[in-house]
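Chemist: any chance you can model this:
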Amino acid sequence: MLAEALAPDAHVPAPAGAPGAGSWQDFAWRRNAVADSEADTEPSQTDGNPPFRPFEAEPALPIAVELFRALNAAGLKYGIVQDLASVQDALAGRDDLDVLLDKHDYPVFCSIVSRMQGRRGVSLSCYDNVCAGREDWFIPDFSRGRYLHLDTHIGVRVGREFRKRYLAFDYATIARWESICVEDVSVPVVSPEDEIRIAIARFAFRARAFPWSRWITLSDRWKDQLARLPSLPGEQSLHVVEYTFGGGRTAICRFRKSGDDLVADFGDLAGLRRSIREMSGFTGHYAVADAAVHLVRKTSYLALRLLQRLMPGRLPPKRRPVAGGLVVAVIGPDGVGKSTQVDRLTRTFRWKFGCAQAYVGTGDGRGWWLRKRLQSLILPHRRSLKSLVQQDGNDSIRRSWAKGGVVATGLALWAVLIAFERYAVVKRAHRWATRGMIVVSDRWPQTLRRGYLDGPTIPEHLFSIPGLSALARLEQKLYQKMEECRPHLILHLVSDFAVSEQRKPGEIRKEAFDARLSLMAELRSRDKDIRTVDASASLETVNRELFRHIWLSL
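Modeler: Numbering: from 1, shown residues only. Sure, this is the predicted structure:
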């Protein structure tokens, strides 16, 4: 397997008290000493144990600490294989965490993360990270309302960006592991030399230059990763890394500084690519095939991303839960924070999954432009509509019709337009969920009671009036179809009227607020799967509770 070491004479003097004399060891000591000096501690290394350094610059999610403690207790062979600068954000749930796992421990790992309500993600087949031995796992932290993203690697594979098929590193080929302290748990991380080994192997397949080029300049991304290369004695601007393969074969990669830039020998990188291919069992002219497959997959990926921007929801998202999509409806009276919570939940899940937001109300949310234009004209007649709805006798209805038939017809047409818009939103939400998206809806239509909670608005006694009866039956039919397309999860936000009045003064009267709560209670009595969340708690508490219900339904 692949291993790497510096030339025997490639050493620089180690500082006094530094553990080890080689330049790799010297650098590892310096990296440890920086962390130790920040914590006002002295570096230590005893009996060959890996250096142990505190890691408290960024607060880690509690679930991350629980995960590492469980992995250590089970005796799993694993380690983090990424730059420590990004590990801080990863443990806090703001970035990916690359974890290298021994293949024999994979079943136990799956069992542990499943007990923690972990969910596995599925990516598009043309995505650059889709390769054998790599999976996306997501572990929720219900105490924070966030989730931890694990890039789980059975083996580190390298290759072109969309053609990573060459196994270059596995757990056994990592020469040395170090340790960091997350809270009170020791977590293995890749050593500096192995971190650079992996980075160079990846860069060798990403480097592009003309055939006659000797030195190529590294971009800022790769320059930052390889800036810690050790120098040869007397050659502070020249860096040499040697890879040793089975059978005693070796390959070297030379780097040197050119002003403020870092350049690499293109011939050395080509030799490293050939060696890795041969080590993985691929001989012959595989470079051409890799380039062709990479081009096809990248073109497909870019085309799909463009179409997703032009036609949101029409194509499967880049990443989705392995169990498929989900439609979630958040329902509650005015002033309980529905729209705020829907926005927060959408941002939370959209970080890694395909997530969309739906709205079936007639307020300030998104909607048809035609309805938005007409709403400014219909709004002055809201009281007329309410008075019409409250009529309960045929004689009074006919008198109302004689006085204002045009207004009644306009309001009926307005109600049908709203029904068509809601029906389109409901059908679109389920289409998106079928394609693997998580759809969070602000409100959801109901048919139990007219005039409340986004239900039908044309009163039943209008069915007897010619003309309006056809519109009323059409509206009723649309809502019956919407009733057949129920959300996968319904969340009711409930609170006292005082909470609504405090958040949105004058938005709704107490009688109307209580009527909506009563209707919600009746809906819950008919559907025992509806979940209730106390909206009178703080914004963060309500958000965490909603997040928990949605995650457990994925």
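Chemist: list the buried residues of stretch 303-312.
Modeler: Across stretch 303-312, burial judged by 16 or more other Cβ atoms under 10 Å covers Leu304, Gln308. Quick note: C-beta positions are derived from backbone N, CA and C, even for glycine.
Chemist: can I get it in CSV, CA atoms only?
Modeler: Extracted as CSV, the C-alpha positions of stretch 303-312 are listed here (Å, rounded to 0.1, in the frame of the first residue of the first chain):
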residue,chain,number,x,y,z
ALA,A,303,-26.4,21.2,-16.7
LEU,A,304,-28.5,19.8,-13.9
ARG,A,305,-27.5,22.6,-11.6
LEU,A,306,-28.4,25.2,-14.2
LEU,A,307,-31.8,23.5,-14.8
GLN,A,308,-32.4,23.4,-11.1
ARG,A,309,-31.9,27.2,-10.9
LEU,A,310,-34.1,27.9,-13.9
MET,A,311,-36.8,25.4,-12.9
PRO,A,312,-36.7,24.8,-9.1
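Chemist: show me where the stretch 151-300 of the chain dips below the pLDDT cut-off.
Modeler: Scanning the stretch 151-300 of the chain with the threshold set as pLDDT under 70 gives 227-228, 230-236, 247.
Chemist: and if you look at the chain?
Modeler: Low-confidence segments of the chain (pLDDT under 70): 1-58, 227-228, 230-236, 247, 364-365, 367, 369, 372-373, 375-407, 461-464.
Chemist: domain assignment for it?
Modeler: 8-207, 312-553 (automatic domain parsing).
Chemist: so Gly335 makes contact with Glu501?
Modeler: Yes. Using Cβ atoms under 8 Å, Gly335 is in contact with Glu501, at 7.0 Å.
Chemist: these two: who's more crowded?
Modeler: Gly335 (22 against 16; other Cβ atoms under 10 Å).
Chemist: chain neighbours aside, what residue packs nearest to that one?
Modeler: Ser500 (3.0 Å; Cβ to Cβ, 6 or more residues apart in numbering).
Chemist: now for the helix or strand harbouring the one you found, which elements pack on it?
Modeler: Assigned by DSSP states H and E, Ser500 belongs to helix 497-503. Here helix 497-503 touches helix 510-526, going by 3 or more Cβ pairs under 8 Å, 6 or more residues apart in numbering; DSSP states H and E.
Chemist: in the helix it packs on, which residues are buried?
Modeler: Residues Phe513, Ala515, Arg516, Leu517, Leu519, Met520, Leu523, Arg524 are the ones in helix 510-526 that count as buried (16+ other Cβ under 10 Å).
Chemist: export those residues as a markdown table, with columns for distance to Leu326.
Modeler: Converted to a markdown table, the buried residues of helix 510-526 look like this (distance: Cβ to Cβ, whole Å):
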| residue | distance to Leu326 |
| --- | --- |
| Phe513 | 29 |
| Ala515 | 30 |
| Arg516 | 25 |
| Leu517 | 26 |
| Leu519 | 25 |
| Met520 | 21 |
| Leu523 | 20 |
| Arg524 | 20 |
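Chemist: hmm, Val342 is touching Gln357, no?
Modeler: Yes. If you go by Cβ under 8 Å, Val342 and Gln357 touch, sitting 6.1 Å apart.
Chemist: now do the shared contacts for the two.
Modeler: Val440, Ser441, Asp442 (Cβ atoms under 8 Å, 6 or more residues apart in numbering).
Chemist: ok, the helix or strand where the first one lies: who's next to it in the sheet?
Modeler: Secondary structure here is read from DSSP H and E; on that basis Val440 sits in strand 438-442. Strand pairing for strand 438-442, determined by DSSP bridges: strand 326-331 (parallel), strand 355-359 (parallel).
Chemist: out of those, the one nearest Glu460 is which?
Modeler: strand 326-331 (23.2 Å; Cβ to Cβ).
Chemist: name the helices or strands packed onto the helix or strand that contains Ile550?
Modeler: For Ile550, the enclosing helix or strand under DSSP H and E is helix 539-553. Applying 3+ Cβ pairs under 8 Å, 6+ apart, we find helix 539-553 packed against strand 134-141, strand 326-331, helix 338-350, strand 489-494, strand 531-534.
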